[in-house]
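A.B. asks: Kindly return the folded structure for what I paste below:
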Amino acid sequence: MSSTSKTEPFKKFFNKLPGINLPGEISLETNDQIVTSDPGIFQLSRYDRLVLFFICFGISVACFAICFFLFPLLSLKPAKFSIIWSLGSIFFLISFCILQGSKKFMENLFKADRIFFTLCYLSSITLTLIFALVIKITLFVIIACFVQFIAMIWFSVSYFPLGLNGLRFTTSLATSQVEGWINS
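C.D. replies: Predicted structure coming up:
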């Protein structure tokens, strides 16, 4: 069986999904514009970029899940927690870099309105790893992980389609639910 026949069902599946922008570039909607992908250094096909995106994003989710489910155990070893958390953040960024293409992704990250976020997120990842692996100061590791978590939420809200609207909807729904509990 040839490799093209093995991947054909997946290609058909992705072709049926709405919003994947099929014959051309992959676009990722942000709050103010649509960012399209560039072919990148490795000239990956759209299908290859999607597959690599899901692999890297899956690794990122797995790292975050490990941190979440093993938090009681990992809280005794903050350095191990911070390394796994930082790997999750790195794979999170790599997944979107693969999806959009490195040039477009870097241009988008270093725009004037996102430069503060980019520097904050990248420095928090770097500092977390330095504090955990080199300096080994637990308090600084915890602070850097917290900053990294806040920056990752900021990234998610600003980059995922409908991220800000989804956050507003969730917040208003939670607020109305809490008000309902208080008033009853």
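A.B. asks: mind listing the helices for this structure?
C.D. replies: Ranges of helices in the chain, per DSSP state H, are 3-16, 46-69, 71-74, 78-100, 102-109, 115-130, 138-159, 163-183.
A.B. asks: for these, which one ends up most surrounded?
C.D. replies: helix 78-100 (a mean of 21; mean count of other Cβ atoms under 10 Å). Every residue, glycine included, has its C-beta placed from N, CA and C.
A.B. asks: for that helix, the distance to its chain's centre please.
C.D. replies: Relative to the centre of its chain, helix 78-100 is centred 8 Å away, using Cα atoms, centre = their mean, to the nearest Å.
A.B. asks: One more: stretch 71-81?
C.D. replies: Distance, centroid of stretch 71-81 to centroid of chain: 22 Å (Cα atoms, centre = their mean).
A.B. asks: what is the mean pLDDT for it?
C.D. replies: Averaged across stretch 71-81, pLDDT comes to 81.
A.B. asks: Could you list the low-confidence segments of the chain?
C.D. replies: Low-confidence segments of the chain, defined by pLDDT under 70: 1-42, 159-164, 167.
A.B. asks: what about the spatially most central residue of the chain, distance to Tyr47?
C.D. replies: Central residue of the chain (Cα atoms, centre = their mean): Phe92, 3.7 Å from the mean position. Distance of Phe92 to Tyr47, given as Cβ to Cβ, to the nearest Å: 21 Å.
A.B. asks: Only alpha carbons, please: show stretch 99-118 as PDB.
C.D. replies: Extracted C-alpha coordinates of stretch 99-118, given in PDB (Å, rounded to 0.1, in the frame of the first residue of the first chain):
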ATOM      1  CA  LEU A  99       0.500  26.200  11.600                       C
ATOM      2  CA  GLN A 100       1.100  29.800  10.500                       C
ATOM      3  CA  GLY A 101       4.600  29.500   9.200                       C
ATOM      4  CA  SER A 102       7.600  30.900  11.100                       C
ATOM      5  CA  LYS A 103       7.800  34.200   9.200                       C
ATOM      6  CA  LYS A 104       4.200  35.200   9.700                       C
ATOM      7  CA  PHE A 105       4.100  33.900  13.200                       C
ATOM      8  CA  MET A 106       7.200  36.000  14.200                       C
ATOM      9  CA  GLU A 107       5.800  39.100  12.500                       C
ATOM     10  CA  ASN A 108       2.500  38.600  14.300                       C
ATOM     11  CA  LEU A 109       4.200  38.100  17.700                       C
ATOM     12  CA  PHE A 110       6.400  41.100  17.400                       C
ATOM     13  CA  LYS A 111       3.800  43.600  16.300                       C
ATOM     14  CA  ALA A 112       3.600  46.800  18.400                       C
ATOM     15  CA  ASP A 113       0.500  45.800  20.200                       C
ATOM     16  CA  ARG A 114       1.900  42.300  21.100                       C
ATOM     17  CA  ILE A 115       5.500  43.000  21.800                       C
ATOM     18  CA  PHE A 116       4.900  43.300  25.600                       C
ATOM     19  CA  PHE A 117       3.100  40.000  25.700                       C
ATOM     20  CA  THR A 118       5.800  38.300  23.600                       C
END
